[in-house]
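Visitor: Return atomic coordinates for the entry below.
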Amino acid sequence: MMNCLVVAAHPLPESLCMALTQRVVNQLKAAGHTVVLEDLCADNFDPCLSSAERVSYYSSAYDAAQVAGQVERLLAAEGLVLLFPTWWFGFPAVLKGWFDRVWAPGIAYDHARNFGPIKPRLKHLKRVLVVTTLGAPWWVDRLIMRQPVKKVLKIALLSTCAPRCKFEMLSLYKAENLPPARVERFRARVEERLARWPRA
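Guide: Numbering: from 1, shown residues only. Reported below is the predicted structural model:
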């Protein structure tokens, strides 16, 4: 079984995003995985990189004192599920802040000499599933915007910090006004992807 970290980033407990989060947690637990839920909004996670953290970015050790719990949970994760709304074709501020403060040097990667390519540290991460909701139609995200969120996750973050993990992303478009049947089909797609996760 895998150690799974589920990270949710939506301020409304009654939102579709949080309903999907609960389904994900329940499914992973039912499959026998160990699951930890990181509800960034409910936990009042501060997305702002502190001055001490920023100063320590290029020092001998990053100052992770204020995010020690989040760092511990990330480093223990073999499977990671991210659930969040896409706003303005980007991350919610709280999730961007989680990346800024927790995916830091000495944790998610190491700096190379002379500011060269960074070296990955999240080699234990095997699977990453991203589940996001958008108000926009699919063609705006894919054809006009060229999927900016997916590019940042896949290329900027995971390919540099966890290059061995398998990455998958599911996007629910026009999520503000969907018939229940379509929402249920999307939930089924999420569950189908998680059902493929290894149990040993």
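
Visitor: Please put the alpha-carbon coordinates of stretch 89-101 into CSV.
Guide: Extracted C-alpha coordinates of stretch 89-101, given in CSV (Å, rounded to 0.1, in the frame of the first residue of the first chain):
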residue,chain,number,x,y,z
PHE,A,89,-6.0,30.0,-15.5
GLY,A,90,-3.8,29.6,-12.5
PHE,A,91,-3.6,28.1,-9.0
PRO,A,92,-5.6,29.5,-6.0
ALA,A,93,-3.2,31.6,-4.0
VAL,A,94,-3.1,29.2,-1.1
LEU,A,95,-1.9,26.3,-3.3
LYS,A,96,0.7,28.5,-5.0
GLY,A,97,1.9,29.4,-1.6
TRP,A,98,2.1,25.8,-0.6
PHE,A,99,4.4,25.2,-3.5
ASP,A,100,6.4,28.3,-2.7
ARG,A,101,6.9,27.5,1.0
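
Visitor: Could you list the residues in contact with it?
Guide: With C-beta atoms under 8 Å, 6 or more residues apart in numbering as the test, stretch 89-101 has contacts from 7, 9-10, 38, 40-41, 45-50, 53, 66-67, 70, 82, 84-85, 136, 141, 145, 148-149, 152, 157. All C-beta atoms are positioned from the backbone trio N, CA, C, and that covers glycine.

Visitor: can you rerun that using 7 Å?
Guide: In this structure, residues lying in contact with stretch 89-101 by C-beta atoms under 7 Å, 6 or more residues apart in numbering are 7, 9, 40-41, 45-49, 53, 67, 70, 84-85, 141, 145, 148-149, 157.

Visitor: How about stretch 24-31?
Guide: Outside stretch 24-31, the residues that reach it (C-beta under 7 Å, 6+ apart) are 4, 6, 35, 37, 81, 83, 190-191, 194, 199.

Visitor: Tell me the helices and strands packed up against the lowest-mean-pLDDT helix or strand in the chain.
Guide: Within the chain, confidence by mean pLDDT, DSSP states H and E is lowest for helix 138-139 among all helices and strands, at a mean of 91. The helices and strands touching helix 138-139, judged by 3 or more C-beta pairs under 7 Å, 6 or more residues apart in numbering; DSSP states H and E, number zero.
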